[in-house]
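Colleague: I need the structure of the sequence given here:
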Amino acid sequence: MTVDESRGNSRYGSRYTSDAAVSGPVGTLAWPQQDWPRQDWPHADVDDHPEFSAEPRITYQDLRAALGPQVDQMMVEADVDADELIRLVNAQTTVLPVIPDVPDTPGGLYVDEALTTELPVVAEPEPEESGLGSAVKQWKRRFLKGAVAAVLLTLTGGGASALAMNKSVTVEVDGQEQTVRSFGSTVGDVLDDAGISVGAHDALSPSPDASVSDGGVISLERGRQLELTVDGEKRESWVRATTVDEALGQLGLGDMLEEGAWVSESRRSEVPLDGMTLEVKSLKNITVVDGAGEPQQLTTHAVTVQELLEELGLELGSDDEVAQGVGSELTDGEEVRINRTGTSEIEVTEEIEAPVEEVEDTDLGVGERVVEEEGESGEKLVTYRVTQRNGEEVAREEVGSEVLSEPEPKVVRVGPENPPISDEAVWERLAHCESTNNWSINTGNGYYGGLQFDKPTWDEYGGTKYAAYPHQASRAQQIAIATKLRDARGGYSAWPACAEKLGLPT
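Modeller: Residues are numbered from 1 along each chain as shown. From the prediction side, this is the model:
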């Protein structure tokens, strides 16, 4: 059914007068014979942008919600009142519930009781909106504006007001363009007509309240959430980018990418509208020193020392260690030093030195030594546990040995030793008096040495142990025999002249 047909043949009944009353291309509508005048329609003191009503029928509030205050001018151009416009829209719309005829109203016109009942002075609280009411509003927002505009365009034959309302607007969403035809006056209206919502993290230009004209362009960039990990550090970020490369560039990681960073997804991959998880690892220049090996220069995307070791296939022994610890994070230019510590057992053949057997020989001079038998060294096999750090031995422990050959002893004849000296200063003074400290003097007068012993006294007190004559013995040996003589006589009486001279007890 066409609009014109619905106007004359609607099941709601005709509201036209006789043909004589019709003028213009669509005829002149007669107002229903009711006691309420035409101006009672709420054309004044009404919100310019009301909400769609939740009633399952089309109301004047819906007309204004659909086309704004311009609807009044458009109805004037179409020579149709609100009631008739509603009927015509209903005739073109099958989604809303059928509106019944009311035969007892003039001309068979259906008039809502709400329009003929006096409103109370105090409005009662509005009930909560039902699920049906919400669905009705949603339907009206999506379809009613176009339906009302289409009817008016047909009635006016493309009147100026109606045509001005019908705009062609380019909507660009994330670089993808679409053309939207809308009767809306603002950016928000056009997006509503296109079924496009704007999220809290989206970027919209112009703003939702900005006016829009035919041929206008609206740009919308969708926000996308990234669960981002950069060199082990996690963070959540919002971007307005469609590819991974653009997203990372917006987050200031462009330089890192240019320097060779690793990304868990292809940089050309699209970022889904519901976001994605990404990991980025910077390229690092690292020097690795493994034990006693030469320093190795390399590049890596590893984040930690442990990850680097796994990448290089390097394993640590139980006693090995990394100077900075395996859990530490790597930085560009860092040196990773692996200290290798290990133990091993080795066997070494060693010489067993020949033992020395000394035989005292009084025929030899004091301190004289003569090798009687050379002897021979033996051999033994010794087992050592050796600890090395970075190739250098730091500890050695003998854990066992086995004698391979016994040594033969070395025999040495040894002359008498110099005995210990006591009262050395006194004996020096006495010798100076007796012989001017000439311990080897032999003048031929029967007295010998530094303390001028005669032969019988030397022999009596054991001097021959050291030498046959006193002057042949050493200084220490002469003093030793003199000490024995002094102790036996209770003083220095054996040297009467010098003892008196030196004041020594006799």
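Colleague: What ranges does the stretch 151-300 of the chain have for its helices?
Modeller: Secondary structure of the stretch 151-300 of the chain by DSSP state H, counting those that start in this stretch: the helices cover 160-165, 187-193, 244-250, 254-258.
Colleague: Pull out the buried residues from the shortest one.
Modeller: Within helix 254-258, the residues scored as buried using 16 or more other C-beta atoms under 10 Å are 256-257. Backbone N, C-alpha and C define where each C-beta goes, glycine included.
Colleague: Thought L278 was touching W262, still the case?
Modeller: No. Shown here, W262 and L278 do not form a contact pair, counting by C-beta atoms under 8 Å, at 11.0 Å.
Colleague: quick one: which of the two has more around it?
Modeller: Between W262 and L278, counted using other C-beta atoms under 10 Å, the more crowded position is L278 (21 against 14).
Colleague: still on that earlier bit, including distance to Q478 and mean pLDDT, could the helices of the stretch 151-300 of the chain go into JSON lines?
Modeller: Below are the helices of the stretch 151-300 of the chain laid out as JSON lines (distance: least, C-beta to C-beta, whole Å; pLDDT from 0 to 100):
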{"stretch": "helix 160-165", "distance to Q478": "146", "mean pLDDT": "54"}
{"stretch": "helix 187-193", "distance to Q478": "130", "mean pLDDT": "90"}
{"stretch": "helix 244-250", "distance to Q478": "103", "mean pLDDT": "94"}
{"stretch": "helix 254-258", "distance to Q478": "96", "mean pLDDT": "94"}
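Colleague: Just the CA coordinates for stretch 318-328, please, in CSV.
Modeller: Only the C-alpha atoms of stretch 318-328 are listed here, as CSV (Å, rounded to 0.1, in the frame of the first residue of the first chain):
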residue,chain,number,x,y,z
SER,A,318,76.6,-28.0,41.0
ASP,A,319,79.5,-25.8,42.0
ASP,A,320,79.3,-23.4,39.0
GLU,A,321,77.9,-19.9,39.4
VAL,A,322,77.1,-16.8,37.4
ALA,A,323,78.6,-13.6,38.9
GLN,A,324,75.3,-11.6,38.8
GLY,A,325,73.0,-14.6,39.4
VAL,A,326,70.9,-16.5,36.9
GLY,A,327,67.7,-14.6,37.8
SER,A,328,69.1,-11.1,37.0
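Colleague: Okay, buried residues for it please.
Modeller: For stretch 318-328, a neighbour-count test (16+ other C-beta under 10 Å) marks 320, 322, 326 as buried.
Colleague: Give me the contacts around that stretch.
Modeller: 304-306, 309, 316, 334, 336-343 (C-beta atoms under 8 Å, 6 or more residues apart in numbering).
Colleague: for stretch 194-206, same thing?
Modeller: 142, 171, 173, 178, 180, 182, 187, 191, 208, 212, 218-225, 238, 240.
Colleague: Let's see the ChimeraX selection covering just the buried ones among these.
Modeller: In ChimeraX, a selection of the buried entries from the contacts of stretch 194-206 looks like this (16+ other C-beta under 10 Å):
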select :171,173,180,182,187,191,212,218,220,221,222,223,224,225,238,240
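Colleague: The contacts of stretch 194-206 in strands, which ones?
Modeller: Among the contacts of stretch 194-206, the members falling in strands (DSSP state E) are 171, 173, 178, 180, 182, 218-221, 224-225, 238.
Colleague: Which of those residues sits closest to D290?
Modeller: Q225 (42.7 Å; C-beta to C-beta).
Colleague: Look up how far Q138 lies from that closest one.
Modeller: For Q225, the distance to Q138 equals 27 Å [C-beta to C-beta, to the nearest Å].
Colleague: Also V305?
Modeller: 59 Å.
Colleague: More neighbours: which of these two?
Modeller: V305 (22 against 11).
Colleague: Now the more buried one. Nearest residue, chain neighbours left out?
Modeller: Nearest non-adjacent residue to V305, counting by C-beta to C-beta, 6 or more residues apart in numbering: V326, 4.9 Å away.
Colleague: Kindly state the domain boundaries assigned to this structure.
Modeller: As recorded under automatic domain parsing, the domains making up the chain are 3-162, 166-221, 224-281, 284-339, 343-414, 424-502.
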